[in-house]
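Colleague: Sequence below, structure please.
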Amino acid sequence: MGHPFEIDTTFDFRDDTPEGKDPDQYSPTLRRYHKLLWSKPLPSGVIFELADTQRGCYLHHQSDLGQFFLSSDAVIHTYWNWIRPKQLAQTMAQIPDADVQSFRRIGYTIGGMMIFPGNQIDGGLTLNRLC
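Modeller: Modelled structure (predicted):
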């Protein structure tokens, strides 16, 4: 990569994630990209700056706005490993593997990822788990 703020929209976050681990938690590039993309001035003029230094938290913000714990997750469903319902498995089996792998790869680029509020309130589900 060239400029430190350059984002490679084709980078596959599985490439810098330890084998068998989830890129949402373990890709340093994904975390850096989220931090760059989502740290910004808000319409009020307040700077919403994300930090990646809080232990046990993917990204964090604390200011007069409040405290925010953010997590990452994929937003493109590939259904590549669905075996139920049976009809979907049959449909997926008809798609050439190269096409499935190409589509899956898109899901592991920055266009396929999002950050969500990750804190639980009163022991409830996070916003990501509700979606």
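Colleague: mind listing what the lengthiest strand in the chain pairs with, with the direction of each?
Modeller: As assigned by DSSP state E, the longest strand anywhere in the chain is strand 66-74. Taking DSSP bridges as the criterion, strand 66-74 forms sheet pairs with strand 59-63 (antiparallel), strand 113-117 (antiparallel).
Colleague: Enumerate the positions of the last one that are buried.
Modeller: What it means is strand 113-117. Residues of strand 113-117 classed as buried: M113, M114, I115, F116 (neighbour count, 16 or more other CB atoms under 10 Å). For every residue, glycine as well, the C-beta is placed using N, CA and C.
Colleague: List the contacts of it.
Modeller: 13, 24, 30, 33-34, 38, 58-59, 68-75, 126-128, 131 (CB atoms under 8 Å, 6 or more residues apart in numbering).
Colleague: could I get the buried residues of strand 113-117 as a markdown table with distance to T17 and pLDDT?
Modeller: Shown next, in a markdown table, are the buried residues of strand 113-117 (distance: CB to CB, whole Å; pLDDT from 0 to 100):
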| residue | distance to T17 | pLDDT |
| --- | --- | --- |
| M113 | 12 | 94 |
| M114 | 17 | 92 |
| I115 | 17 | 92 |
| F116 | 19 | 89 |
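Colleague: For W80, give me the pLDDT.
Modeller: Per-residue pLDDT puts W80 at 63.
Colleague: for I121, that is, sorry about that
Modeller: So, for I121, pLDDT stands at 69.
Colleague: now swap in the one 3 residues further on and tell me
Modeller: Among the per-residue scores, G124 holds a pLDDT of 67.
Colleague: which residue ranges form the helices in the protein?
Modeller: Ranges of helices within the chain are 23-26, 28-38, 86-93, 97-107, 127-130, based on DSSP state H.
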